[in-house]
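> kindly generate the corresponding structure for this input.
(chains A, B and C)
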Amino acid sequence: MNRSRRLKLQVFRVVVFVVMGAFFLVPIGAMFEFSTRGVGVGAPRTLVSWTTIATYPDLVAAIVASLELAAITSVAMLFLLLPTMIWVRLRVPRLNRVVESLCLLPLTIPAIVLVVGLLPVYRWMSDNFSNSILTLAFAYVILVLPYTYRALDAGLSAINVKTLSEAARSLGAGWGTVIFRVIAPNMSGAILNACLLSVALVLGEFTFANILSYVNVQVAINQLGQANAGVSIAVSVASLLFAFILLMVLSFVGAARRSLRSKPRASDPRLEAVWGQKA
Amino acid sequence: MNWRYQIRGLGVAVATLLVVAACGSSNNSTASCGASAKSAADCGGMSALVTAAKKEGQLNVIALPPNWADYGQIIAAFQAKYGITVNSAAPDDGSQQEVDAIKTLGTRGPDVIDVGPAVALKNTDLYAPYQVSTWNDIPAAQKEPTGLWYEDYGGDMSIGYDSSKVPTITSINDLLGPNFKGKVALPGNALLSNQAVNSIMAVSLANGGSLDDISKGVDWFHKLKQNGNWVPVIGTTATVKAGATPVLFEWSYNAVTHVTDVPTWKLYLPSGNVVSSYYNQAVSKTAPHPAAARLWEEYLYSNEGQNWFLKGGAIPIRIAAMTSAGTVDKAALAALPATNGTPVSMSDTQSTAASAYLAAHWAAAIG
Amino acid sequence: MTATGNPAIESARRPREGGRRLPLHWVGVAPFLAYAGLFLLLPTGIVVAGAFTGNGGLTLSNFSTLNQQYLIKAFISSIGLSAVSAVVGAALGALFAYAVATGNPRGVLRRIVSSACGVLAQFGGVTLAFAFIATIGGAGFITLWLQSHGIDPYAKGVWLYEVPGLVLVYAYFQIPLMVLVFLPALDGIRPQWREATESLGGSTWHYWRYVAGPLLLPAFLGATLLLFANAFSAYATAAALISQGDPIVPIAIANLLNSEIGIAEPGLAKALALGMIVIVAVVMTLYAVLQQRTARWLR
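From the prediction side, this is the model:
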């Protein structure tokens, strides 16, 4: 790629990052500023709101429950959605619209209404099976469907599923191998994105847990914040940071697992010295 | 074939869920003093009630914010006194959501509710009758005769304001003036919140309206918006502290709590006819912890509980009886925001009419 | 690349035949359909059934009350807000995603942006509203700074607390969502396409207009649709900012469901929800038509 184009691209990237960075970081800075305010005009900054977070015992239990829910939801979502999408692409393309609409449906109904419909199902479950907070995973898999479908769909569109599967099948692979050892590694970026979306949604979900009267991390944060405005904002910022660090760790884990497999194929364009040549 | 993987995967997930869940919760044992007790006497006396409640060990409450009439302190004191764990769910919920929770959550639902008058009257089929031991101290007009619901605390509508940002308020119509540009807010959505409706009614009373006529209040808010003084954001503790809502209509017991965040926060209490409203207690007919629920009611209506409401800035229902008996907390009584006028409350028909008027005209007035 | 005549490939590729083959095809999607049936269609059905239930039995009265001025206005506001938010979020998000995609795919910057977008895409509600109030609200620090320099952004009224302000606040989670769902599509751009365009004498404009643009369009449209539905059903953020009246449909629904002053009407609320589903179904149909037109030559 020629020099002027590279330069233009770099300028574009710098401008975009600076503008977007400012847009996203300034409100969080405002929240942080608010949470460190003292009482009264001219009072010194204080970290009291932040240290109060540590004194809340139920928060840890809520965090653990949310993490468990995030893991179960991601795994269940992948097992449910990925084979279905691949199957639909390969064998029953007619059902593509159906699956797509079903996956978009949870988003068309506001959560406060969807939960009204789910209440009887949950009542039946809590009376007959279990009233553990982990049953929320059933609802959460539905809630993540719109986002993860789109992420996985973008990933599936970027690779030639038909050719890959035909090649694998012609070499004698069963469907399990096709899905998990041939197609999935080629869309690892999309799968990781889908998992990040799921984890982030579960960690940020409030409405369902609140109405179904379970204490997940956002419900616990809300209760913690009731007593004190500064604490409520401090704990929100803390939960954002926590989720961010968790997702960063997950993305590193995803990368590490990829590199543990057999050495990359030479034809993978991303691994040639082409970064910066995408345009 | 891939469907085997799917079914296997789902089966593993479900099995995992069930195993982990089985290690989790447990159902409550039924106490001997249960859902049919109509008073402590039915249980065999207070100590029997306490024993039965302790055996249940838990209490589910809902929609009790910690700084609303000192509920945070009440819950902590109750837990410390009886050793019963109080599960406080959904502190931001409104009255309608409380009864919805009773209807939909079954054995995980609330044991007791604290609701506004309109919702209390509409849902009597959900309550179990119970008369606390101090039943006779509650004025007859403020309880349901068989014990289905009973008022617990109330307050007057007031206007809280940051005296460092706006001048001292001497009348409600001061708020229409130029010193209040972009500063006046309500504590809830007028179509949703009991507190907001009563705020508008208070304005109406001060401007020639009556308990039957909330239209003057709606017109006043329309003028407020036209003058540019209206802030559509719901006033909360956070917005008060941030300075986004320096003038806020609220029940007096809520307004006093902002002083900890904004030392210059003051109250304006209207004179003349003052809107006041009391909240109502009820025990759920399907309470998962019936003995603990009844013990909670006993606690709220005991001297200790009623004094907690008083310390929170609210007027406890038994204040007349306690003052004459000398059991009232004198310091808290002195600190109570003084009532400047005559308290009046909307009856059920009046509040239905007000809500209907708001549903038809509010959006146009401030939209 | 397919070698015809190889029986294994033929059998993998053979289009669906009638009779015996059909049930096997459906088995692949059965678990998904069963799960969606129980946890999605059943609750939706309960809501829809509630829309047709009145004071005792089936009735259409909820739908006749839908025809009120303020509800129609709420629907129009909702659709307008969602459309603008979707387009703004999609455009800015695509630019942002492109800036990320052109970097090192395994670099730290990419990870940071992906993780941050994952977190922020789900950030909303009261806290997000408060963050914006604290930043550019009536007493926000940016507002105060601008006012001290003589610029008053709210000279004509505080627009942050009205529907236009929502577009700005919604962008806070729409842009990250766009980045997350669109980035995999951008990753699929091959440098060979650029080289091919150049070797045929095309410029940057030709590349985007005739090569990369159409190839990315399906994913872009799908993501925009997602953003539309996301904005359309968002409730908590709007309720914290525009907390009065029924400016948009989710707030109207919440008022009808949760009113503690006695005007709760669950039947009408569910009818409104059904209206929302219908609108998104219409938008989805438009999207499907657009998709078919643009994807014709991709096969």
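
> nearest residue to A:Leu105 in space, please, no chain neighbours.
C:Leu40 (6.1 Å; C-beta to C-beta, 6 or more residues apart in numbering or on different chains). Backbone N, C-alpha and C define where each C-beta goes, glycine included.

> quick one: the helices in the stretch 101-250 of chain C?
Listed in chain order, the helices of the stretch 101-250 of chain C (DSSP state H, counting those that start in this stretch) span C:108-121, C:125-136, C:141-148, C:163-187, C:191-199, C:204-206, C:213-233, C:236-241, C:249-258.

> relative to helix C:249-258, how tilted is the next helix-or-strand element following the last one?
If you walk from helix C:249-258 toward the C-terminus, the next helix or strand you reach (DSSP states H and E) is helix C:266-295. Relative orientation of helix C:266-295 and helix C:249-258, computed by axes from the mean of the first three to the mean of the last three C-alpha atoms, to 10 degrees: 160 degrees.

> what pLDDT, on average, does helix C:266-295 get?
The pLDDT scores in helix C:266-295 average 82.

> that one: which residues count as buried?
For helix C:266-295, a neighbour-count test (16 or more other C-beta atoms under 10 Å in any protein chain shown) marks C:266-277, C:279-280, C:283-284, C:287-288, C:291, C:294 as buried.

> which of those are close to chain A?
Checked against chain A using C-beta under 8 Å from any C-beta of the partner chain, these yield the following neighbours: C:266, C:269-270, C:273, C:276-277, C:279-280, C:284, C:288.

> measure the residue nearest to A:Leu105 to A:Ala71 for me?
Here the criterion is C-beta to C-beta, to the nearest Å. By it, C:Leu40 lies 22 Å from A:Ala71.

> ditto for B:Pro288
30 Å.

> more neighbours: which of the two?
Neighbour comparison, B:Pro288 and A:Ala71: the larger count goes to B:Pro288, with 22 against 15 (by other C-beta atoms under 10 Å in any protein chain shown).

> show me what contacts that one?
B:Pro288 is in contact with B:28, B:60, B:107-109, B:111, counting by C-beta atoms under 8 Å, 6 or more residues apart in numbering or on different chains.

> now with 10 Å, please.
Neighbouring residues of B:Pro288 by C-beta atoms under 10 Å, 6 or more residues apart in numbering or on different chains: B:27-28, B:30, B:35, B:56, B:58-60, B:105-111.

> same check, this time on B:Gly177
B:Gly177 touches B:166-167, B:227, B:229, counting by C-beta under 10 Å, 6+ apart.

> among those residues, which one has the most neighbours?
The most crowded member of these, judged by other C-beta under 10 Å, is B:Asn229 (21 neighbours).

> that residue touches B:Thr245, doesn't it?
No - between B:Asn229 and B:Thr245 there is no contact under C-beta atoms under 10 Å: 11.8 Å.

> where do the contact lists of these two overlap?
B:182-185.

> of these, just the buried ones, PyMOL syntax please.
The PyMOL selection below is limited to those of the shared contacts of B:Asn229 and B:Thr245 classed as buried (16+ other C-beta under 10 Å):
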select buried, chain B and resi 182+183+184+185
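
> and the residue of the stretch 151-300 of chain B found nearest chain A, what element?
Closest approach of the stretch 151-300 of chain B to chain A (C-beta to the nearest C-beta) occurs at B:Ala238, with a separation of 3.9 Å. For B:Ala238, the enclosing helix or strand under DSSP H and E is helix B:237-242.

> who are the packing partners of the following helix or strand past that helix?
Scanning forward in sequence from helix B:237-242 by DSSP H and E, the next helix or strand is strand B:247-251. If contacts are counted by 3 or more C-beta pairs under 10 Å, 6 or more residues apart in numbering or on different chains; DSSP states H and E, strand B:247-251 sits against strand B:150-162, strand B:184-185, helix B:194-206, helix B:237-242, helix B:252-255, strand B:265-268, strand B:273-284.

> the first one vs strand B:273-284, what angle?
Which is strand B:150-162. 130 degrees.

> CA atoms only: put strand B:150-162 into CSV for me.
Taking C-alpha atoms only, strand B:150-162 is exported to CSV below (Å, rounded to 0.1, in the frame of the first residue of the first chain):
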residue,chain,number,x,y,z
TYR,B,150,-53.8,-0.6,58.3
GLU,B,151,-51.9,2.7,58.0
ASP,B,152,-48.3,2.8,59.4
TYR,B,153,-46.8,6.2,58.8
GLY,B,154,-47.3,9.3,56.7
GLY,B,155,-46.1,12.7,56.0
ASP,B,156,-46.9,16.0,54.4
MET,B,157,-45.9,17.2,51.0
SER,B,158,-43.1,19.6,51.1
ILE,B,159,-40.6,21.3,48.8
GLY,B,160,-36.9,20.7,49.5
TYR,B,161,-34.5,23.1,48.0
ASP,B,162,-30.8,23.9,48.1
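
> gap between A:Glu205 and chain B?
15 Å (C-beta to the nearest C-beta, to the nearest Å).

> is it true that that residue touches A:Ile211?
No - at 11.3 Å, A:Glu205 does not count as touching A:Ile211 under the criterion of C-beta under 10 Å.

> anything in contact with each of those two?
A:Ala111.

> quick one, phi/psi of B:Ala63?
B:Ala63 has phi and psi values of phi 60, psi 40 when expressed as degrees, to the nearest 10.

> then C:Thr53?
According to degrees, to the nearest 10, C:Thr53 has phi -100, psi 130.

> now do the contacts for the residue nearest the centre of chain A.
The residue lying closest to the centre of chain A (C-alpha atoms, centre = their mean) is A:Leu197, at 1.6 Å. Contacts for A:Leu197 were tallied using C-beta under 10 Å, 6+ apart; they are A:74, A:77, A:144, A:146-148, A:150-152, A:247, C:117-118, C:121-122, C:177, C:180-181.

> got a list of what the residue lying closest to B:Thr339 once chain neighbours are set aside touches?
Nearest non-adjacent residue to B:Thr339, counting by C-beta to C-beta, 6+ apart: B:Asp156, 5.7 Å away. Applying C-beta under 10 Å, 6+ apart to B:Asp156 gives the contacts B:198, B:202, B:251-253, B:255, B:267, B:269-270, B:274-277, B:314-315, B:337-341, B:343-344.
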